[in-house]
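Asks: please work out how this folds:
(one chain, ligands or ions: 2)
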Amino acid sequence: MTLVVAIDGPSGSGKSSVSRAVARELGLAYLDTGAMYRAATWWCLHTGVALDDAVAVAAEVRRLPLAMGVDPSAPAVTVGGTDVSAEIRETRISEAVSKVATNLDVREELRLRQRAAIDAERGADGFAGGRGVVAEGRDITTVVAPDADVRVLLTASEEARLARRALDVHGTADATAVEATRDQVLRRDADDSTVVQFHVAADGVVTVDSSHLDFEQTVRAVLDVVAARA
Ligand SMILES: Nc1ncnc2c1ncn2[C@@H]1O[C@H](COP(=O)(O)OP(=O)(O)OP(=O)(O)O)[C@@H](O)[C@H]1O
Ligand SMILES: Nc1ccn([C@H]2C[C@H](O)[C@@H](COP(=O)(O)O)O2)c(=O)n1
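Replies: Residues are numbered from 1 along each chain as shown. Ligands and ions are numbered 1, 2, ... in the order given. Got it, this is the predicted structure:
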């Protein structure tokens, strides 16, 4: 039997790294839906469409030639055959992505693709047998896959999330680095929260608070939820 694990949470809560580790541990595929919004943003900047033109942006995203790798050890993201896995993590994308992710027509398009990717991995009707998947983002537990076998909201305090991101981007979590990270974490969450809810667990979703857990402990806590629920 295949397993679908859905994990949501705010920026810096550890969704991506923890989901990848959980997928590796369980031998499941891994779907990073945030990377899909980032790839859509990369594409819009690449094609030169004005991000404020919601209709044109949605039309561009419907044409997006995106291929999502689902190997948790190397989840490559390619657009039109170009590997953009590294570029979509650049600050210019992090600063712009909420404009694209809050476009409701873009969300409709990417949610269709996300559901298809999850169905492919779970071996749903019309798809070849899959191995199951860990899918993570902001609305996977609530909108994209509310029927997932296991649903987790991964949280952490603002302080912990800012420190983690500062360490990632600046190599230190001193006061200056944390301040420089605020926009990428808190402003982005505030903008994204206008269209999706990822701070409070919906009914049936288990909260894992990683504020006082290290990475390994957090992975173990999520694996424990899977073991208890699946
Ligand atoms: N429990 C933890 N303790 C300490 N560091 C952690 C923990 N979980 C994740 N990290 C580290 O925090 C950083 C941010 O994690 P990650 O990128 O997975 O977060 P995210 O929720 O996917 O963020 P975003 O939504 O902004 O992409 C990474 O360097 C990761 O290794
Ligand atoms: N299911 C999702 C996944 C992501 N987003 C938005 C929110 C972020 O600003 C952006 C990039 O996500 P990240 O790579 O930082 O996890 O995409 C969303 O709205 N819904």
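
Asks: what number of residues lie near Leu66?
Replies: The local packing of Leu66 (other CB atoms under 10 Å) involves 19 other residues. Heads up, the C-betas are built off the backbone N, CA and C, glycines and all.

Asks: thought it was touching Ala117?
Replies: No. The pair Leu66 and Ala117 does not pass the contact test of CB atoms under 8 Å, sitting 10.2 Å apart.

Asks: residue in the protein with the shortest distance to ligand 1?
Replies: When distances are taken as CB to the nearest ligand atom, the chain reaches nearest to ligand 1 at Gly14, 2.7 Å away.

Asks: and Gly129, what's its pLDDT?
Replies: The predicted local distance difference test score for Gly129 is 69.

Asks: now the one 3 residues further on
Replies: pLDDT for Gly132: 95.

Asks: state the distance from it to Gly80.
Replies: When CB to CB, to the nearest Å is the yardstick, Gly132 and Gly80 sit 29 Å from each other.

Asks: have a look at these two and say which one is more surrounded.
Replies: Set side by side, Gly132 and Gly80 give different neighbour counts by other CB under 10 Å, the larger being at Gly132 (20 against 12).

Asks: check whether stretch 108-117 contacts ligand 2.
Replies: No. Stretch 108-117 stays clear of ligand 2 (CB under 6 Å from any ligand atom), getting no nearer than 7.2 Å.

Asks: next: stretch 120-133.
Replies: No. Using CB under 6 Å from any ligand atom, stretch 120-133 never reaches ligand 2; the gap is at least 14.0 Å.

Asks: what does that stretch contact?
Replies: For stretch 120-133, the external contacting residues (CB atoms under 8 Å, 6 or more residues apart in numbering) are 2-5, 23, 26-31, 70, 117-119.

Asks: cutoff 7 Å now
Replies: Taking CB atoms under 7 Å, 6 or more residues apart in numbering as the criterion, the residues outside stretch 120-133 that touch it are Thr2, Leu3, Val4, Gly27, Leu28, Ala29, Tyr30, Leu31, Val70, Ile118, Asp119.

Asks: make CSV from those residues and add distance to ligand 2 to it.
Replies: Listed next are those as CSV, based on distance: CB to the nearest ligand atom, whole Å:
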residue, distance to ligand 2
Thr2, 21
Leu3, 19
Val4, 15
Gly27, 23
Leu28, 18
Ala29, 16
Tyr30, 13
Leu31, 10
Val70, 15
Ile118, 12
Asp119, 16
